[in-house]
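**Q** For reference, the sequence and a predicted model appear below.
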Amino acid sequence: MATNTLTAQHEEHHDGGHHEPPAKVYGRQKMAMWLFIGGDIITMSAMLFTYLYLRGLNTQNHWMSMVGLPVDKVHTYSYYENLSDIPTQHLIHVAPMSPSFNWLVTGVVVVSALIFWAAERNLRKTKNRAAFTWSAVLATLIIVVAAVLSIVQLRHLPQIFVAKNDSHTLSYTAYSSSMMVIIGSALVHFILLAYLGLAMVIRSARGVLTGEKWHHAGLVRLFWVWVAVSGVIVSAITTTVNVH
Amino acid sequence: MTTTLQHAPTKAGGGLARRQNFLTALISGVVFAWLAWYIGRHTLDTTTRSFSDQVAVLTACGWTVGFWFGIGALNGPGRWLTGRDHTRADDLYYAGENQGRARYWKYCTDHKVVGVQYIIMTMVLLGTGGILAMAIRTQLLTPGNHFVDQQVYNGFIAVHGMLMILALIVAVAGPWANFVVPIMIGAHDMAFPRLNALSLWTLVAAAGLLLTTLAVGSLPVGWVVLAPISNQAGVGMDFFAMAIIVFTVSTTVAGINTIATVMTLRTKGMTLSRLPIFVWGSVIAAALGLYAFPYFLTVEAIQILDRTVSTSFFVATGGGAGWLQANLFWLMGHPEVYVILIPAVAALFEIAAVMSRKPVFSYRTAIAGMTGLAGLSILVWAHHMFTTGWAPTLGGPFMLTTELISIPTGLFFLVLLGTLWRGNIWMKLPTLWLFGFVFNFIIAGITGIYLSDIPIDNQLHGTMFVTAHFHYVFVGSVLFGAIAALAFWFPKVSGRYLDETQGKISFWLVFIGVQVTFLAMFTSGLRGMPRRYSSYSMIFEHTNFVTTMGAYMIMAGMLVLLGAVISSWRKGEPSGPNPWQANSLEWLVPTPPPLENFDVLPTIKEDPYNFGGKR
């Protein structure tokens, strides 16, 4: 056998798998969270690429051509000459919502992130578990509000009436499509945050999460802040590179 | 001090987890899928054009959630939510302690079990994709053949392509980044054992969705899922897209786990410059996957939205564009080639060093080559779109970046040949496959340079030349690397050698088969035969006949290899713990390695390639 260059030494204090100090485990988990956020950044980039690409193309002037017009004009587009010809079931009453609504949702998320951040910091410093629990409850409720606002936003994306293969359908414009995927992605994140927030509340209430064992709260804070930051980035882009 | 398994408490709480296995996952997946289908049928608006697509997506979601529930993937998140974290006994139970072979059918967190599960999964995917390949080649045996009709043929092309891509993504990184990497770096397990199991079983769920596409509808989209034709495909397209989304969850989780493991669990003295080169390859591929696969997720998600809620991402009448799909897909698609290739090459570096009794030639060059390839691969995507008419002015820069790929690829050859050069080469089965790789990869690389050149690509794009080129990459190179890795680490998994005689028969059948199949396919392509057609002109008859014969030869070789794996696992020649007399840590632990690999973690003093030229 060739020279064995690896030396196995029995070392009582060097054990990578078990009985590790929480700080070491936290470091590992934090790295995983950063990697997850890295993947999330790429996903967000892909969605913004989609938004900017379609905005740049503005194929057949359909990026936002229908937004802001009265609903009846939206529906008469390209298929029916008279409004009265439109089948009743296709008369939807969707008022286009300002892109600035994104800032409202983002503002709500930022507030929830700040509350959770402060709560986690306070937990580490003062070990006040009760304060953390109630702050986490508040942050979670606020994120639920953000989720509801996102659903409202999704329901107000403008549609156009198009004819396809001898039939007709209501379609989302390129703008609405791009916004749908961005808002939908945000909604998924809010639901995930609601799960994490709820877990924080329960774990804190049960005494699993304490001033000494705060590390999972640190991880959740990291993700929460990232969601808020991503909201700011998305809102900035969708309101500046925008409609007309 | 280390808590070894023998001393640990073994009674785990909870009865549900003990009853969960692959069978319950299948049952639960089917039940949830049926429930989702039923709810969708009775609650969604049946008058909308996309009703069946909405039901299909809902069904696919039901299958995935049901499968996760049935296998036990949701137990951990559920318990974490309620503050009832796993105890040490629970962890040991999930690691498969004292469960014998049953643990291979469960949500087992032991990285070695997951590695073996990946081996089996890879073989299942390759086998299924291979059967579809044989059906495709049989259809193309003669012009105007009626073995399958055009619609079925289209579906076979798409599912064969995607199955093989999934199989090759996990062929090296799945089994060996799981089985050997934690031992190589001196760790007890992966950083996140439950995520490790999640990545494996999520892959199984994705494979289930992909196979469903064959049953529910044709796919005229190829594996690249071309838009806007994807918007017109049957409901099979919905399952196809959902399979990819679920798969990206699997690879993302696996990638995070691999990187975190190597970065945080290296034993004392295992500096980055002492890492076995395969570990570097695994980390670089995982990082590249983390970059690439979110694009895959995004493009399939918006494809589903186009089909189910009438968005207009790819529909020009609503302001969309097919080019958007092409861009997003190839932003993923080209890096993905190197997510597949880099682990195979890194495994071959490892094999070359051990089998020639020399250090890896220019270790840092090897790392630079892999890193350079990963970095460049994210800048070349538009060379797949030269003929689409998208941004013609960018053709030149993308041609340049693509041709620059030759430099890190050349470094691979330099390192491999430099390592083998004047080495005391041990001509065993892994070495044979390594030489096969070198031969095939030269052809793959050189034909790639032709295709990166815009004037030539304009002539050859969409022909069988392209098909032959990427099959030299995936079959001739990656598959050879994967089989070399299997032959190399098989003794560590099973305690037995992979049978040399059967292995050599397999090698020569596959090696000659690859040349016969794909050299003839190059000829068809150069003469202008288009891809993805179920019939062709008489002028391509002879080359197609030769190609099909070659493909049968490859299949025969793979069946011999499968026989070798099964027979060797059961009654092969015992190998002992270190049959190749290697120095890296995985060979210094017993075979099979104990549950947590090391009673006491080792300290590393030197790099693993100091063989002194001796055997």
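**A** Received, thanks.
**Q** Regarding the closest residue to chain A within the stretch 101-250 of chain B, what is its secondary structure?
**A** Distances from the stretch 101-250 of chain B to chain A, computed as C-beta to the nearest C-beta, single out residue B:188 as the nearest residue at 2.9 Å. C-beta: built from backbone N, CA, C; applies to glycine. Classification of residue B:188 by DSSP: H, G, I helix; E, B strand; the rest coil places it in coil.
**Q** And the pLDDT for it?
**A** Residue B:188 is assigned a predicted lDDT (pLDDT) of 94.
**Q** Same check on residue A:63?
**A** Predicted confidence (pLDDT) for residue A:63: 68.
**Q** Tell me where the stretch 401-550 of chain B has helices.
**A** Along the stretch 401-550 of chain B, the segments classed as helices by DSSP state H, counting those that start in this stretch run B:406-420, B:429-452, B:454-460, B:464-471, B:480-494, B:500-526, B:541-571.
**Q** Would you map the helices across chain A?
**A** Under the criterion DSSP state H, chain A contains helices at A:22-57, A:71-76, A:101-126, A:129-155, A:174-205, A:215-240.
**Q** Return the angle between stretch directions for the strand or helix carrying residue B:349 and helix B:464-471.
**A** Under the criterion of DSSP states H and E, residue B:349 resides in helix B:322-356. Calculated by axes from the mean of the first three to the mean of the last three C-alpha atoms, to 10 degrees, helix B:322-356 forms an angle of 40 degrees with helix B:464-471.
**Q** Between helix B:480-494 and helix B:322-356, find me the angle.
**A** Angle between the axes of helix B:322-356 and helix B:480-494 is 60 degrees (criterion: the same axes, to 10 degrees).
**Q** by contact count, what packs against helix B:322-356?
**A** The helices and strands touching helix B:322-356, judged by 3 or more C-beta pairs under 8 Å, 6 or more residues apart in numbering or on different chains; DSSP states H and E, are helix A:22-57, helix B:150-171, helix B:173-179, helix B:277-308, helix B:363-377, helix B:406-420, helix B:429-452, helix B:480-494.
**Q** Using CSV, please lay out the ones you listed together with mean neighbour count.
**A** Formatted as CSV, the entries for those read as follows, by neighbours: other C-beta atoms under 10 Å in any protein chain shown:
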stretch, mean neighbour count
helix A:22-57, 18
helix B:150-171, 23
helix B:173-179, 29
helix B:277-308, 25
helix B:363-377, 20
helix B:406-420, 19
helix B:429-452, 20
helix B:480-494, 26
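**Q** Compare those and give me the one nearest residue B:268.
**A** Residue B:268 sits nearest to helix A:22-57 of all those, at 13.4 Å, using C-beta to C-beta.
**Q** and that closest one, does that touch chain B?
**A** Yes - shown here: helix A:22-57 in contact with chain B (C-beta under 8 Å from any C-beta of the partner chain) through A:24, A:27-28, A:31-32, A:35-36, A:38-40, A:42-43, A:45-47, A:49-50, A:53-54, A:57.
**Q** Averaged pLDDT, that helix. What do you get?
**A** For helix A:22-57, the per-residue pLDDT values average out at 94.
**Q** Which strands or helices does that helix pack on?
**A** Other elements packing on helix A:22-57 under the criterion 3+ C-beta pairs under 8 Å, 6+ apart are helix A:174-205, helix A:215-240, helix B:236-264, helix B:277-308, helix B:322-356.
**Q** In terms of residue numbering, what are the domains of chain B?
**A** Under automatic domain parsing, the residue ranges defining each domain of chain B are B:18-91, B:111-587.
**Q** Spatially central residue in the chain, please.
**A** You didn't say which chain, so I picked chain A. When chain A is reduced to its mean C-alpha position, the nearest residue by C-alpha atoms, centre = their mean turns out to be residue A:186, at 2.4 Å.
**Q** was after chain B, sorry
**A** Residue closest to the mean C-alpha point of chain B, counted by C-alpha atoms, centre = their mean, is residue B:169 at 1.7 Å.
**Q** ok, the closest residue to residue A:24 other than its chain neighbours - contacts?
**A** Nearest non-adjacent residue to residue A:24, counting by C-beta to C-beta, 6 or more residues apart in numbering or on different chains: residue B:264, 8.0 Å away. Taking C-beta atoms under 8 Å, 6 or more residues apart in numbering or on different chains as the criterion, residue B:264 is in contact with A:24, A:27, A:28, A:31, B:191.
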